[in-house]
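# got a structure for you, letters missing:
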């Protein structure tokens, strides 16, 4: 899958899919760190394991450092490298702009790409503020009218167990919902000497565990329940208030208020704890933290309804626990469904029953679903409007946290 | 050691046995339903499996229905039956009054028993209001000065895994605490046709899941952390607002506001969700509910600290999960400790490693510990003061729930 | 529950159950170590938590050391102490003889008790040889004709999850059986300095892990499957061949062949591994060992049939895993049934759903079932004939192990 | 490093890229069904996530049906398609021949490829007979002298948890081994109407569950233990003896003995159960079956040693359970290590801690390791000699099963 080959393929695709081969869709990706690597795997793989109406082509990747972006292009299989995201958007061989940068640049890039006629995939959280998210959603709506598609990267919806959970809930297997409880626990900030990276600075990340992890679980909760949160009550905390500046930290940072010598102030939350109500009246609880020692990626979901319950743990992502409350009590119990059967979502592309999938498969599925949405002209899930709704919840959480946890409505 | 009456009783009890046998302690129990049965098993067994300084004797049990209380006495092994709790307290062969009635009668019985010179074990929650709990605590303090002991029945502290968890935390194995999260999930109110028993009526039960289940987890959280909650933010909910009157329901009930024909209004919460802060600044989250389908007795605890974490599930009560964060990351992980080893709390009375204990063992341990407190003249754990502190948390939870979840301090 | 009281009760029972109270059954127990303590708890408790047709009375306990047996009687609540098991059998207030001694004395005591007209409960394994077991079974058959009952103490059948598993299998929920796999793993012999107790000497224990643990799993496998093993192939091993003599070891032992200074030869197996076929053609595998580091009491059972599967782990004895293979594959999975529901076996005596039972409950259930068998004149389960069948399997295992693992039929 | 052909291919591949790019290795794959799809993912991905000394290029795929193999090439990203494996081997742009066909063709293809100077990766089991495996191993030894590499595809060694388990064992964390128990349970043959595919015919598959699943667990057991099995005792069974012929079954098959109308005889085992001894004297047990209802891919491993134990379940492949028996008993327990930390094997190529890997990652790792072996001229693990050793164990298993399970030595 050399670069040259892909470029040729891309050209052929543009030409109009000669001789029965599927058309292609050129992807241009901005950012190439952790998310960029994961997205690359998604784009490389989707067309190989799924029968797609169009085959994604890794056209170009964009980053500020010319040497680094070139190396990344070579490593991940992108045909070309760009150092200016505007140039990337302008490329003829790019039909999809995939935004994998920190949240403070999402709005500008996404709006420009949409206005340039490109489809957009934007990493979560959609933006660092509701205002930005509104602008982006408006741009997406305008673009939608022109046939473009804009999707936000809440990839955990695309864990097969989560997509299947949604199906069971939509079929009524849980009945009226009573409880939703979701946690997302990590532990990389337990160490007080972990450095002050961009994820710990409000101006870049918008918020801390809340935007990084909380955004995922708010989206998942609303997606699974099929209804929005209507209000929240929140506590947030920053346990470690200053951290070592990373090597090569900017001057601006070193002058930050409260910084010790060689340390900078942490301006985001380490943890956010919130409760809320869904539109149906169900109670919901959330915890997002990076200071839960021993929890590496513990995104845990449980929903309890009048007719059944579901439970899930991202650290065991091939499993879904389902309790059918309509069973006789003597034989009822949470059953561990291995979500690797032929009829389960996305499994048509993968392996026989019991053969585990992993984290990055969610990005393969995301690529698959975006290509389908583009090809069929249907609304993508989750849309920018969905991302905006999550942003409003996050804003209500922050507002509540500032107001002594008072219950704070989420605007519709 | 016990007072005059106890000595006499002991002397009487010893009449037919060898002179080196331990003295006895006569127990009088009020109430004989679920809790009464569990306490009976505790009193019957403690002296058989543990070496106690005094052997409990099941002197008398008390209930309002003469036939029923007699049958209960015979069933559970109580030597005598009473129908008036005042008469029970007055018995010479009763040195310990064990209160297993609904919360609305705790204060009156406990205060009378203490004033009559008896030791008291009172089921949780200590009372239905802070005012009652204060009265009881004051009475216990006065009695303490006379050498009496008053304990509140938070039996889950006495699951060996929980007592051992406290020991690990006290030894500093978790370091500075960051998070405490506790849930207590049951499902017996999922069914909307479950009848309106006393536990669903505010005048008898004080509150619903909050007082029944929430009291346990508030006590456990504070016990394990070794520090109090200083403030809370809460949401509560009653999903099923009217329920069938049980056969033989009182006239008073049937006239309750909001009752349909043959149904009565549920006046307590089905579920309570609250967050809070501990004195050290750690964040805490709580959920108490009886509407979590498939969860039978899911009291789950997790504590995360700077040096380690602990997790527990009452449905697997012989296990404690411990993560030692000072281990190298490559070999670290939550280890499943079977809390059935010789050095674990209470295990000196039981079986070889790996032989499981069950729910009612907590009542055996409670009886053991109360006897030791009486014999040694030490403060019992948990004391009425501890029960009062829990009551204050529950009151703050209710206040917060009424005030739109606003963060509400817990008075010291 | 003082000794005097019980003696009186016993007397009353003998007199013929005056005034509506249930009759009593006097129990005489031989041996009072680990098994004796567990059986005592069973006898003390059965009549308190279950409605029994007759209430067991702890009449007398027997041991060779007068002081020790007296202390045991007092500790465990036995009304009298004997030092000669023949005297115990001869007591008028003893109707049930409960044998908790090492296997080399089972036959003599059991046969004498049966011939004296007593009901007998005999700990497993029934005997140390097939010949002894045959003698005992013949004595039980003669006694049966006289209305006596003889039961062997395979207590693990009486874990509610196991009894319920048998019910599910008998109802056909697994269909035709394909596989039975059972392990019983402990680790107390990993330490090479663990002393040479009677359990490690062939003349007392008959065999090692095979008779101690293997007997349980052979019985369980046959009980659950509802059919016998027809042949086996076996490997056995003694990893640690000499061990320190315990303090006070007999002179005979110290002269044992192969003994080092202060050490004696281990004459039983540390581990036994065997496979076999059930009458239906299902394959079975077994492993019994005391050298599996970290496994404390890991009796694990799995059965796979054409229509479903069951799995169980004694370290989580309140849970039964059930897979219903007739479910659609997308929702099928092993469900974790908490065997604590009202309809589950033995639960009528215990607590609400989700409240865990423990190890010694099996002895309470055993006492309950023996009393029922006596009262109703029905065959006890498991009978001495069942114990003999297990003994034949163990003998076939030993024979196969001696003959290079060749498949060895189990005589019918 | 690669020979002349590789350099040319590399040169061609590099035509359009910077001069510092790594050389390439052309892969030619024979077979493109399940294994072919998995291997394709491995070859496509290895060079993208790992820093390799040479980048694999998917040069050509081979299959008998021209249309199908072309479609497969297009689907999986192979540059060319061949219908004759001899032609594939002869291609200049192929330096590695990857054999993904049924076992009956392994020997011929592998020997031809090795003699043609190619490196070989051959799917497991290495062959259908010891004789074939010996021929292949001899050919590999001759090729080794010429600098070629031959590896057999026991991919489960390359689950990070398994490779890490080996490291812990090699470091002595388990001490002297006592027990190895391994099962590989699947359930796709529970249904008696599952058709008679090649995997159920001795002439193609060699054996049934034994060769398919048993080969994996024999290899894993020996790999982890670091020592060979020296003897085995075995039972095998075919529960469903005839099955429907698949659509398009060959005439040869329909005439098979024992076939009913439209059905054919199953000539391989459904299940194989065997025990054995390792060179050190440790006991081992194995079960391979495709008739364990509800078990989808339950490859489970446990090893117990004097100093610790390890346990693993392929259905939860990111986890390794480790018990350190040198810990104090009160804090010891099986710890669940998430094998997703930076220091764990293969994790340098993947995601942050706690982000799960899946089944096909083993093929990416296999490709990585083969490329490293080729580049560094080191012996590949597992080698053809390792595959031959497994074959000898399988042959001893079959011999024992034919001889009434008698203990059968494995030739060295």
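That came through fine. Worth saying up front: this structure is predicted, and the values here are computed from it rather than measured.
# quick one, domains of chain A?
Per the record, chain A has its domains at A:3-156, A:158-355+A:384-409, by automatic domain parsing.
# of all the ones you listed, which one is nearest residue B:150?
Ranking the domains of chain A by proximity to residue B:150 (CB to CB) places domain A:158-355+A:384-409 first, at 34.5 Å. (Each C-beta comes from the backbone N, C-alpha and C, glycine too.)
# sorry, back to before: need the domains of chain A in a markdown table with distance to chain D, mean neighbour count and mean pLDDT, can you?
Formatted as a markdown table, the domains of chain A follow (distance: least, CB to the nearest CB, whole Å; neighbours: other CB atoms under 10 Å in any protein chain shown; pLDDT from 0 to 100):
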| stretch | distance to chain D | mean neighbour count | mean pLDDT |
| --- | --- | --- | --- |
| domain A:3-156 | 4 | 21 | 89 |
| domain A:158-355+A:384-409 | 3 | 21 | 94 |
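# residues contacting the residue of the stretch 301-412 of chain A found nearest chain C?
Scanning the stretch 301-412 of chain A for the residue nearest chain C gives residue A:335, at 3.6 Å (criterion: CB to the nearest CB). Contact analysis of residue A:335 by CB atoms under 8 Å, 6 or more residues apart in numbering or on different chains lists A:321-324, C:323, C:331-336.
# give the bridge partners for it, please.
residue A:322, residue C:335 (DSSP bridges).
# any idea how far apart the tips of stretch A:315-330 sit?
For stretch A:315-330, the separation between the terminal residues is 30 Å (CA to CA, to the nearest Å).
# relative to the whole chain's centre, how far out is it?
Distance, stretch centre to chain centre, for stretch A:315-330: 26 Å (CA atoms, centre = their mean, to the nearest Å).
# let me see the ranges of the helices in the stretch 101-250 of chain A.
Assigned by DSSP state H, counting those that start in this stretch, the helices in the stretch 101-250 of chain A fall at A:106-115, A:130-145, A:160-170, A:202-205, A:209, A:215-225.
# nearest to chain B, of the ones you listed?
helix A:209 (11.2 Å).
# show me the contacts for residue A:370.
Applying CB under 8 Å, 6+ apart to residue A:370 gives the contacts A:96, A:119, A:121, A:149, A:151, A:380.
# what's the pLDDT at it?
As predicted, residue A:370 sits at a pLDDT of 98.
# how close does it get to residue D:40?
Using CB to CB, to the nearest Å, one gets 23 Å for the distance from residue A:370 to residue D:40.
# any idea how far the residue nearest the centre of chain A is from residue D:334?
In chain A, the centroid-proximal residue (CA atoms, centre = their mean) is residue A:154; its distance is 2.8 Å. When distances are taken as CB to CB, residue A:154 and residue D:334 turn out to be 35 Å apart.
# now residue A:67
Relative to residue D:334, residue A:67 is positioned 47 Å away (CB to CB).
# with residue A:378 instead?
Counting by CB to CB - residue A:378 and residue D:334 are separated by 48 Å.
# repeat for residue A:136
Counting by CB to CB - residue A:136 and residue D:334 are separated by 48 Å.
# repeat for residue A:245
Computed as CB to CB, the residue A:245 to residue D:334 distance reads 41 Å.
# now swap in residue A:100 and tell me
Residue A:100 is 39 Å from residue D:334, by CB to CB.
# need the helices of the stretch 101-250 of chain A in JSON lines with distance to chain C, can you?
Supplementary listing: the helices of the stretch 101-250 of chain A in JSON lines, determined by distance: least, CB to the nearest CB, whole Å:
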{"stretch": "helix A:106-115", "distance to chain C": "37"}
{"stretch": "helix A:130-145", "distance to chain C": "33"}
{"stretch": "helix A:160-170", "distance to chain C": "7"}
{"stretch": "helix A:202-205", "distance to chain C": "39"}
{"stretch": "helix A:209", "distance to chain C": "31"}
{"stretch": "helix A:215-225", "distance to chain C": "17"}
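# mind putting those helices in CSV, distance to residue A:176 included?
Shown next, in CSV, are these (distance: least, CB to CB, whole Å):
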stretch, distance to residue A:176
helix A:106-115, 36
helix A:130-145, 31
helix A:160-170, 11
helix A:202-205, 37
helix A:209, 31
helix A:215-225, 11
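# nearest to residue A:361, of those?
Using CB to CB, these put helix A:160-170 closest to residue A:361, at 8.0 Å.
# and the angle from that closest one to helix A:215-225?
Per axes from the mean of the first three to the mean of the last three CA atoms, to 10 degrees, the angle that helix A:160-170 makes with helix A:215-225 is 40 degrees.
# wait, a helix at residue A:273?
No - secondary structure of residue A:273 (DSSP: H, G, I helix; E, B strand; the rest coil): strand, not part of a helix.
# pretty sure it is touching residue B:283, no?
Yes - between residue A:273 and residue B:283 there is a contact at 5.3 Å, judged by CB atoms under 8 Å.
# so what sits against both of the two?
Residues touching both residue A:273 and residue B:283 by CB under 8 Å, 6+ apart: A:235, B:275.
# would you list every one of the strands in the stretch 251-400 of chain A?
Applying DSSP state E, counting those that start in this stretch to the stretch 251-400 of chain A gives strands spanning A:263-265, A:271-278, A:283-289, A:298-305, A:308-313, A:319-324, A:334-338.
# who does the biggest helix by length in chain A touch, helix- and strand-wise?
Longest helix in chain A by number of residues (criterion: DSSP state H): helix A:384-402. Using 3 or more CB pairs under 8 Å, 6 or more residues apart in numbering or on different chains; DSSP states H and E as the contact test, the elements touching helix A:384-402 are helix A:130-145, strand A:150-153, helix A:215-225, strand A:229-237, strand A:271-278, strand A:408-409.
# ok, residues contacting the second one?
Looking back up the chat, that one is strand A:150-153. Outside strand A:150-153, the residues within contact range by CB under 8 Å, 6+ apart are A:35, A:110, A:114, A:119-124, A:126, A:136, A:139-140, A:143-144, A:366, A:369-370, A:373, A:380-384, A:386-387.
# can you tell me how far residue A:78 sits from chain C?
According to CB to the nearest CB, to the nearest Å, residue A:78 stands 37 Å off from chain C.
# over to residue A:117?
The spacing between residue A:117 and chain C, counted by CB to the nearest CB, is 40 Å.
# dump the residue contacts of that residue.
A:143, A:146, A:148.
# so which bits of chain A are right by chain C?
Taking CB under 8 Å from any CB of the partner chain as the contact definition, chain A meets chain C at A:164, A:168, A:322-323, A:328-338, A:341-344, A:353.
# let's see 7 Å
A:322, A:329-338, A:341, A:343-344 (CB under 7 Å from any CB of the partner chain).
# for residue A:88, give me phi and psi.
phi -60, psi -50 (degrees, to the nearest 10).
# sorry, that was for residue A:53
Here is the backbone geometry of residue A:53 (degrees, to the nearest 10): phi -70, psi -20.
# what about it, distance to residue A:373?
Distance, residue A:53 to residue A:373, using CB to CB: 10 Å.
# with residue A:184 instead?
In this view, residue A:184 and residue A:373 are 26 Å apart by CB to CB.
# what do you get for residue A:276?
30 Å.
# go on, residue A:290?
Applying CB to CB, the value for residue A:290 to residue A:373 is 33 Å.
# what of residue A:60?
Taking CB to CB, one finds residue A:60 at 22 Å from residue A:373.
# ok, now which ones touch residue A:159?
Neighbouring residues of residue A:159 by CB atoms under 7 Å, 6 or more residues apart in numbering or on different chains: A:317, A:362.
# list the contacts of stretch A:192-211.
Applying CB under 7 Å, 6+ apart, the set of residues contacting stretch A:192-211 is A:102-104, A:125, A:128-129, A:188, A:212, A:236, A:240, A:243-246, A:264, A:266-272, A:288-290, A:394, A:397-398.
# that's all I had, so thanks and see you.
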